[in-house]
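Student: coordinates only, no sequence provided:
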Ligand SMILES: O=C1O[C@H]([C@@H](O)CO)C(O)=C1O
């Protein structure tokens, strides 16, 4: 017999349907013409608007002609649908050119989320967008605002992602380097006079192209705006600010946080925040909204948008110089902001008091046969031909190495402040198998890279879960450590990796399995590669 509650929920549950075509198109997001991966002609792609509890269907056609594709729904936990996570090699085979693949998942919690390519380095080619999940009808937010606006940040390279990947794999190593520009809602401004004479002559770079006019957010004086800010940069950590306006942080990765006021929002790739901003300044002019690179010595100009007070013209230049942002190497102030987040009173989801297992991951830059890599406890991840989810469910023990990776490293004998004595690492597709429902602590320990006196910032993102501190993405600061606790309660296989596109490509990730025996029947659409 069907319970009344079930009838009610099946009536209430809605479906959000998207039909997408993914292809290459020539675009000029920062005034410089290049091939961009678009969804239905756009980059960033269409925003997915849904309500908590809705089922989202995305029917995705791969029209890239010669490239596979996969899309990850970043921050969505995929409860009961681990095969829809979109992590190629982990939860599915790639979608082949010409194929259509259906992603279906429930958005179980209101908040600000993202989506992006998760095959090779396609995210960096423009394959990304936002997911906005609202509360059920009649349920109020614990803060008030008048309007909601979505802002997605990115950094942008002129070299194709294939060229970037080829350099990262080459001997000698060619790093992707600092990005050419920063994009706010897909728009940036490259200084065309820096491009080659032939490039400009051929019309490759054109600062008057309307595609690269700055994004302008029109505000009504006196009103309060909820800005939902997400970053999907390939490399850059950013500081976001709106000239003359305080911002109050209220949400981080789908979790309510105790409100606190800031001038600069530090945001790392893979993170989302909601901030409240009141349009309470002199309304006779416009203001700059800026993003500046932090955590690396910047070689990329400030990214600009216009905070436009109605009824001024949306493109009217503010009379002031754009902010240059905080000092790039002020790690202390970034750490202070990381430590300032507290779960909001009334929404505290208390962590278990103890952990069943502690995994310590030493983050190092390494070499394997002369190739530059990143490793965890000296293992650099390479994904198997057969997605882990298929291999584990079908017990294909030959699909990846069955021995577990180490839960720690030789703490006493590794000096994280110095160059490693031996930089050689090993490629591995071994995975961490977690006891279902156990509590796991992961302690990320940063170290010196292969450059003297250098340690980098790595935003770590966990698929399929939230963790305590908060959210699903947390920065690991230079020479620092970050401790995360999560419950292994989501049957499936989940990637946990650095969200810097080049670093993940270079092996900076691990994979967790939990409760594989509880995973339902796999859709046949995720198969078709490797062993079966
Ligand atoms: O992975 C990286 O490689 C370079 C540098 O460490 C070596 O050239 C860099 O800055 C990275 O983030």
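Tutor: Perfect, thanks for sending it. As the structure is a prediction and not an experimental result, all values here were calculated from the model.
Student: run through the residues of the stretch 401-532 of the chain sitting next to the ligand.
Tutor: Taking Cβ under 6 Å from any ligand atom as the test, the list of the stretch 401-532 of the chain residues beside the ligand reads 449, 451, 456, 502-503. For glycine as for every other residue, the C-beta is placed from the backbone atoms N, C-alpha and C.
Student: weed out the non-buried ones from the residues you listed.
Tutor: Burial by neighbour count, judged by 16 or more other Cβ atoms under 10 Å, picks out 449, 456, 502-503 from these.
Student: a markdown table for those residues, including distance to residue 110 and secondary structure?
Tutor: Output for these, formatted as a markdown table (distance: Cβ to Cβ, whole Å; DSSP: H, G, I helix; E, B strand; the rest coil):
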| residue | distance to residue 110 | secondary structure |
| --- | --- | --- |
| 449 | 39 | coil |
| 456 | 34 | coil |
| 502 | 33 | helix |
| 503 | 31 | helix |
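Student: how about low-confidence regions in the chain?
Tutor: Residue ranges of the chain with pLDDT under 70: 1-12, 196-202.
Student: interface residues of it facing the ligand?
Tutor: With Cβ under 6 Å from any ligand atom as the criterion, the chain meets the ligand at residues 175, 365, 449, 451, 456, 502-503.
Student: nearest to residue 397 among those?
Tutor: Residue 397 lies nearest to residue 503 out of the residues of the chain next to the ligand, by Cβ to Cβ, at 29.5 Å.
Student: returning to what we had before: now, which of the residues of the stretch 401-532 of the chain next to the ligand sits nearest residue 190?
Tutor: Using Cβ to Cβ, residue 502 is the member of those that lies nearest residue 190, at 20.3 Å.
Student: which residues touch the closest one?
Tutor: 121, 164, 168, 175-176, 234-235 (Cβ atoms under 8 Å, 6 or more residues apart in numbering).
Student: those: which two are farthest apart?
Tutor: For these, the maximum inter-member distance is 13.1 Å, found between 121 and 175 (Cβ to Cβ).
Student: who has more neighbours out of those two?
Tutor: Higher neighbour count among residue 121 and residue 175: residue 121, with 21 against 12, using other Cβ atoms under 10 Å.
Student: relative to residue 315, how far out is the residue lying closest to that one once chain neighbours are set aside?
Tutor: Once flanking residues are discounted, residue 121 sits nearest to residue 161: 4.2 Å by Cβ to Cβ, 6 or more residues apart in numbering. Residue 161 is 31 Å from residue 315, where distance means Cβ to Cβ, to the nearest Å.
Student: these two: which has the busier surroundings?
Tutor: Ranked by neighbour count (other Cβ under 10 Å), residue 161 and residue 315 place residue 161 first, with 24 against 11.
Student: from what I can see that one touches residue 124, true?
Tutor: Yes: here residue 161 reaches residue 124: they are 5.0 Å apart, a contact under Cβ atoms under 8 Å.
Student: between those two, what contacts are shared?
Tutor: Overlap of the contact sets of residue 161 and residue 124 (by Cβ under 8 Å, 6+ apart) is empty.
Student: just want the residue of the stretch 401-532 of the chain that's nearest the ligand.
Tutor: residue 449 (4.8 Å; Cβ to the nearest ligand atom).
Student: end to end, how far does stretch 279-287 reach?
Tutor: When the termini of stretch 279-287 are compared using Cα to Cα, to the nearest Å, they are 10 Å apart.
Student: begin at 564 from now on, thanks
Tutor: In the new count, where the first residue is 564, that last one comes out as stretch 842-850.
Student: and the contacts of it?
Tutor: Stretch 842-850 is contacted from outside by 779, 782-788, 805-808, 869-873, 875, 879-883, using Cβ under 8 Å, 6+ apart.
Student: mind checking which of these are buried?
Tutor: For those, a burial check counting by 16+ other Cβ under 10 Å picks out 779, 782, 787-788, 805-808, 869-872, 875, 881.
Student: tell me the two of the residues you listed that are most distant?
Tutor: Most distant of these, by Cβ to Cβ, are 787 and 881, 20.7 Å apart.
Student: list the contacts for the residue of the stretch 614-763 of the chain found nearest the ligand?
Tutor: Closest approach between the stretch 614-763 of the chain and the ligand, counting by Cβ to the nearest ligand atom: residue 738, at 4.2 Å. By Cβ under 8 Å, 6+ apart, residue 738 lies in contact with 730-731, 935, 1065.
Student: most neighbours of all those residues, which one?
Tutor: That'd be residue 935 among these, by other Cβ under 10 Å, with 24 neighbours.
Student: bridging residues for that residue?
Tutor: With DSSP bridges as the criterion, residue 935 is bridged to residue 930.
Student: could you do residue 1059 as well?
Tutor: Beta-bridge partners for residue 1059, by DSSP bridges, are residue 1025, residue 1073.
Student: assess the claim that it and residue 1022 are in contact.
Tutor: No: under the criterion of Cβ under 8 Å, residue 1059 is not in contact with residue 1022, lying 11.8 Å apart.
Student: what about the residue of the stretch 614-763 of the chain closest to the ligand, helix or strand, and which?
Tutor: Using DSSP states H and E, no element contains residue 738; it sits outside every helix and strand.
Student: for it, give me phi and psi.
Tutor: Dihedral angles of residue 738 (phi, psi; degrees, to the nearest 10) stand at phi -70, psi 150.
Student: quick check: it vs residue 814, distance?
Tutor: Shown here: residue 738 relative to residue 814, a distance of 34 Å by Cβ to Cβ.
Student: what sits against residue 695?
Tutor: The contact partners of residue 695, by Cβ under 8 Å, 6+ apart, come to 610-613, 675-676, 711, 713, 791.
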